[in-house]
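[1] Structure of the sequence below:
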Amino acid sequence: MKILILGYLHSKYDKRVFRTVEALSKRFQVIYQYWTDKDEKRYIEGNISYIPVKYEKRNNKNIIHEYFRRKNFDKVLFDLIKNTDYDIVYFHHFLQSLPVKAFKAAKKKGKVVIYDIHEYHPENFLSFLKGLLKRLKEKIMLKIFEKQIKLSDKLVFVSKEIQEDIFKTLSINKPYLIVPNYAHFSVSAKEKKKEIVLVGKTPRNIEREKEIIKRLISYGFKFKIIGIDSEHFKDIPHEYTSFLPYEDMMK
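    Here you go, the predicted model:
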């Protein structure tokens, strides 16, 4: 059995994507597409055929300009879906300029479609939009999201809460698997401190979270950031440290 895994704009060793690649390659042949900003060649190692696809990421909020840039990248992946020999296609994200057509292409070939939903796309996609444009985008994306899910044979979610919310919102029921998207580790501390730690960054609008953090600070909590001193928090007192090795970050 052959499985085509589309990492989309995830880098080669993205933790969630690559653990899928490693796990499935123990039993099946895997064709693995991943993002790179370098000139890399395809190669085969064990049961994994690595397919790097180059793309220059930019912080571009011009939707039309970014659409045409992304369209060329998406065409490479769409051609993989149409022309590659596989039994299962595993989406770790959707093709943003072909959000439904890519799913339909796989189904037209009679292939099994697995959709790994890392986040709630109607809210997450184009998260910088505000006001009326934001509400319009969410309505459109909800319809697209519904079509994607209906074209999928099996779904993978990051939490039970997300799965239940999506099934309730869309009034659907599909075979699914919960694969948590957070670190698993145990903590044994002699004392607890009134501290909140934010790790990494997010493109989402987090104004509501900021209000919660401000309220907790007023109750004596300290706020710390690991990874990026985001402009979002310039109006909130905080301590900052740059990216840390994984074990140090967990500690």
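
[2] mind checking the end-to-end distance for stretch 55-67?
    13 Å (C-alpha to C-alpha, to the nearest Å).

[3] Show me what it is in contact with.
    Here stretch 55-67 makes contact (C-beta atoms under 8 Å, 6 or more residues apart in numbering) with 9, 35-37, 69, 73, 96-97, 126, 128. Where C-beta positions appear, they are placed from N, C-alpha and C, glycine not excepted.

[4] Just the buried ones out of these, please.
    35, 69, 73, 96-97, 126 (16 or more other C-beta atoms under 10 Å).

[5] So what's the residue count around Glu239?
    12 (other C-beta atoms under 10 Å).

[6] quick one on the thing from earlier: mind checking which of the buried ones among the contacts of stretch 55-67 are in strands?
    Using DSSP state E, the subset of the buried ones among the contacts of stretch 55-67 located in strands is Trp35.

[7] would JSON lines of the buried ones among the contacts of stretch 55-67 with distance to Asp248 and pLDDT be doable?
    Formatted as JSON lines, those follow (distance: C-beta to C-beta, whole Å; pLDDT from 0 to 100):
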{"residue": "Trp35", "distance to Asp248": "27", "pLDDT": "94"}
{"residue": "Arg69", "distance to Asp248": "36", "pLDDT": "82"}
{"residue": "Phe73", "distance to Asp248": "34", "pLDDT": "92"}
{"residue": "Gln96", "distance to Asp248": "35", "pLDDT": "87"}
{"residue": "Ser97", "distance to Asp248": "39", "pLDDT": "91"}
{"residue": "Leu126", "distance to Asp248": "34", "pLDDT": "71"}
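
[8] Nearest to Ser242 among the buried ones among the contacts of stretch 55-67?
    Among the buried ones among the contacts of stretch 55-67, Trp35 lies closest to Ser242 (C-beta to C-beta), at 23.5 Å.

[9] Just confirm that closest one contacts Ser11, I think it does.
    Yes: here Trp35 reaches Ser11: they are 5.8 Å apart, a contact under C-beta atoms under 8 Å.

[10] which helices and strands sit right next to the longest strand anywhere in the chain?
    Counting residues, the longest strand found in the chain (DSSP E) is strand 2-11. Packing partners of strand 2-11 (3 or more C-beta pairs under 8 Å, 6 or more residues apart in numbering; DSSP states H and E): helix 15-25, strand 29-36, helix 63-83, strand 88-91.

[11] Can you check which of these gets nearest to His118?
    Nearest to His118, of the helices and strands packed on strand 2-11 and by C-beta to C-beta, is helix 15-25 at 6.8 Å.

[12] And the closest one, what's buried?
    Residues of helix 15-25 classed as buried by neighbour count (16+ other C-beta under 10 Å): 16-18, 20-21, 24-25.

[13] Make CSV from those and add distance to Leu4 and pLDDT to it.
    Listed next are the buried residues of helix 15-25 as CSV, based on distance: C-beta to C-beta, whole Å; pLDDT from 0 to 100:
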residue, distance to Leu4, pLDDT
Arg16, 17, 88
Val17, 13, 93
Phe18, 15, 93
Thr20, 12, 95
Val21, 11, 97
Leu24, 11, 97
Ser25, 12, 97
